[in-house]
Structures are given as structure tokens and as C-alpha cells.
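In: Provided below are the primary sequence and the corresponding predicted coordinates.
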Protein chains: 2
Amino acid sequence: MTGEYQHSLDAKGRLFIPARLRDELGPAFYVTLSMDHCLCAYSAEQWQIFSDKVNAMPYVRQRAMRPLYAFACKCELDAQGRILLPQNLRERAGLVKNVTVLGSNNHAEFWDSDEWAALRDSEASPENIAAVMQEFDF
Amino acid sequence: MTGEYQHSLDAKGRLFIPARLRDELGPAFYVTLSMDHCLCAYSAEQWQIFSDKVNAMPYVRQRAMRPLYAFACKCELDAQGRILLPQNLRERAGLVKNVTVLGSNNHAEFWDSDEWAALRDSEASPENIAAVMQEFDF
DNA sequence: GGTCATGTGGGGAGAAGTGGGGGAAAGTGT
DNA sequence: ACACTTTCCCCCACTTCTCCCCACATGACC
């Protein structure tokens, strides 16, 4: 998944999913917290892969995953290609009006637009890009 | 991939891809940022190799790749052999009207023509060529 | 000079994206 | 149990933009 898309939450808390990401996420997908101040969306398939990994862990470690599952929400697209984001998730990621949707390889991310803009400017500097590319021998 | 090709963005932000590069990039390829002030295009195959490497890393490290994926765009050729470059990518690389397309071994690069001309003149000096060749024992 | 492949530009149909109305379903209080 | 509010979901109307198409210019090759 790739790309940066600008959308807005409407008065009812609905978020539009760009057509390109829709194809890759599938008709129903999972949204949950991230380690950053944003939300992550995983296709049903990716979610399964993730869950399998969790299941393979000893129970003591599985408990640490509790918040991830507690906040997770299975989202389904309406006829217009939108999802309804539960309020607790919106609050958690500080999503109010302007939301930037990012494709990020195997998942999508939802950011408050201002926050993402600030992060992008600091992360997408030539030095960082250079460092990343070097690391991957790209 | 080799060569230097002169093209222009039309009013709709479309860029013509030279026939020689088209063959090597394939019908759909990925365009993203570069560490220089230009855009890079990778064939779907190259992109997959890169993504596989990223997926093999722990999630905490994968985050560093966010800007690369956020700016990336899967571009498909139209019947005339052109692609539509998203505005944010064009802005990022300062592409307005005249664009120089470069073949650069395993990828292609898109430069603002003036900028490339300046860079080429400074880099393609006999001294630089000599230095490069020496380094590779060429 | 003719013909084919390559490159350039623009019109228009249809998909993508946006917003809002209204009714069903669920939750709340008396 | 019943009215009332809130949330959710389906539907419709509208705007914007992408993509497909055609028409033409240019240059290479025969």
C-alpha cells in the first residue's frame, strides 16, 4: 500500500477510504491503535497473520496484547466506500476533522493531518531518506 | 536502464515515459522520493524485493520507511505510454514543466531539466569521471 | 516521399469523493 | 412498558478528477 490521501471526517464520524487502498484492504478490515499517535488498518488477511503470531506466544506475553484487541474494531465499508470510526479510537489518535490516510507497505495509517505534516517534514528530510536507502541497499 | 530523455509535463500532470525505459519498468511501476531533489521509479519487481526486505524487519524499524511509502505511488501507463504523477510528488521534486528522465542502472529518475543540467555539468567533469572509474577499478 | 513508431495535447464519460436527509435500531429515563 | 434521544446505516444528489479515447505533430527508416 502506498500514497498519501487527504480526507475529512464528516459530522457523523465517517472516514472515506481512497479507492486504491480499498482494493488492498478488502471489504472489511481491522483498525486499532498504533505505537505512534495514529490508527492502523490491517486487511483481514494481515490481521490473521498478526493474530497467529500472538497465538504462538506464551500466555503471559499475550496479555500485553490486550489493549490492541480491546481497541480494535472490525470496520466495514458502506456503499460510498466509507467506514465509521468508533469515537474512542478517534479520540485516542486525536482525529477531529482533517485526516491523512497513508499507505505504509502492509497496512494503512490514519493521522490527524497537522500532526502528520509536522512528522513528515521532520522524517522525510534528505538525510533520513539517504540513511534509509543505504540501510536497505536500495 | 540508460539514457537521458527530455519531456514535458502537460497541463494534467502527465509525464511521458520513453519507450526504451517502458520496456524495463514494465506496465506498472512505483515512483517515490529520492535522497536527491528528484523522483525515482522502480519496476514492480524491484519494489517487491525492497518490500520483502522491509517486511522481514521488526515493526519498530519498519516505521522508518513510512515517508517512503507515504510518498510512493503505483503508476500505470496509459495507452500513449504516459503516467499521471500525483501533485505532492511533483511538488516535492520541483517538477513544473520541463522534465529530464534518466536511466540509472536499476531505476529511472525524474529531474527538473534545469536542475539536472546544472548538476550534470558539475558532476560530469573529466576529473569526476576519472575519480569514479578509479574507485571501481574500471 | 511515404509509412510506421514515438511523442503531445485536449474533450468527455464515468468513477471517485463529499455532504446531507431520513428511517431503523439501540440505549436511557420515567 | 413506553416515550424519547442518540447512534448507525442506507440512500440520493452533487462536484471533482481520473482515465480512456481520438487527433495530430515529429522524427526515423525504408
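Out: That came through fine. These figures come from a predicted structure and were not determined experimentally.
In: in stretch A:56-72, what's buried?
Out: The neighbour-count criterion (16 or more other C-beta atoms under 10 Å in any protein chain shown) identifies A:Ala72 as the buried residues of stretch A:56-72. To be clear about C-beta, it is placed using only N, CA and C from the backbone, and glycine gets the same treatment.
In: kindly report the same for stretch A:78-89.
Out: Judged by neighbour count using 16+ other C-beta under 10 Å, the buried positions of stretch A:78-89 are A:Arg82, A:Ile83, A:Leu85, A:Leu89.
In: I figured the last one hits A:Cys40, correct?
Out: No: counting by C-beta atoms under 8 Å, A:Leu89 stays clear of A:Cys40, with 10.4 Å between them.
In: what do the two both touch?
Out: Any residue near both A:Leu89 and A:Cys40 by C-beta atoms under 8 Å, 6 or more residues apart in numbering or on different chains counts here, and that gives A:Val31, A:Thr32, A:Leu33.
In: distance of the closest residue in space to A:Thr32 that isn't next to it in sequence from A:Phe29?
Out: The shortest distance from A:Thr32 to any residue other than its chain neighbours is 3.9 Å, reached at A:Ala72 (C-beta to C-beta, 6 or more residues apart in numbering or on different chains). For A:Ala72, the distance to A:Phe29 under the criterion C-beta to C-beta, to the nearest Å works out to 11 Å.
In: which SS state does A:Tyr30 fall under?
Out: strand (DSSP: H, G, I helix; E, B strand; the rest coil).
In: spatially nearest residue to it, not counting backbone neighbours?
Out: For A:Tyr30, ignoring the flanking residues on the chain, the nearest one in space by C-beta to C-beta, 6+ apart is A:Trp47 at 4.5 Å.
In: is the one you found within a helix or a strand, and which one?
Out: Element membership for A:Trp47, per DSSP states H and E: helix A:44-55.
In: check contacts around A:Ala28.
Out: For A:Ala28, the set of contacting residues under the criterion of C-beta under 8 Å, 6+ apart consists of A:Ala44, A:Lys74, A:Cys75, A:Glu76, A:Leu77.
In: now those: which count as buried?
Out: In terms of neighbour count (16+ other C-beta under 10 Å), the buried residues within the contacts of A:Ala28 are A:Cys75, A:Leu77.
In: for the contacts of A:Ala28, which one is nearest DNA strand D?
Out: Within the set of these, A:Glu76 lies nearest DNA strand D; the separation is 7.4 Å, counting by C-beta to the nearest atom of the strand.
In: the residue in chain A that DNA strand D sits nearest to pairs with what?
Out: For chain A, the residue closest to DNA strand D is A:Leu84, as judged by C-beta to the nearest atom of the strand, at 4.3 Å. Assessed by DSSP bridges, A:Leu84 has beta-bridge partners A:Arg14.
In: so where do the strands sit in chain A?
Out: Under the criterion DSSP state E, strands of chain A are mapped to A:4-8, A:14-16, A:28-33, A:39-43, A:73-76, A:82-84, A:98-104, A:107-112.
In: kindly reformat those as CSV containing distance to B:Glu123.
Out: Supplementary listing: those in CSV, determined by distance: least, C-beta to C-beta, whole Å:
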stretch, distance to B:Glu123
strand A:4-8, 31
strand A:14-16, 45
strand A:28-33, 46
strand A:39-43, 42
strand A:73-76, 50
strand A:82-84, 49
strand A:98-104, 34
strand A:107-112, 37
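In: can I get those strands in TSV with mean pLDDT?
Out: Conversion of these to TSV gives the following (pLDDT from 0 to 100):
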stretch	mean pLDDT
strand A:4-8	93
strand A:14-16	94
strand A:28-33	92
strand A:39-43	94
strand A:73-76	92
strand A:82-84	93
strand A:98-104	94
strand A:107-112	95
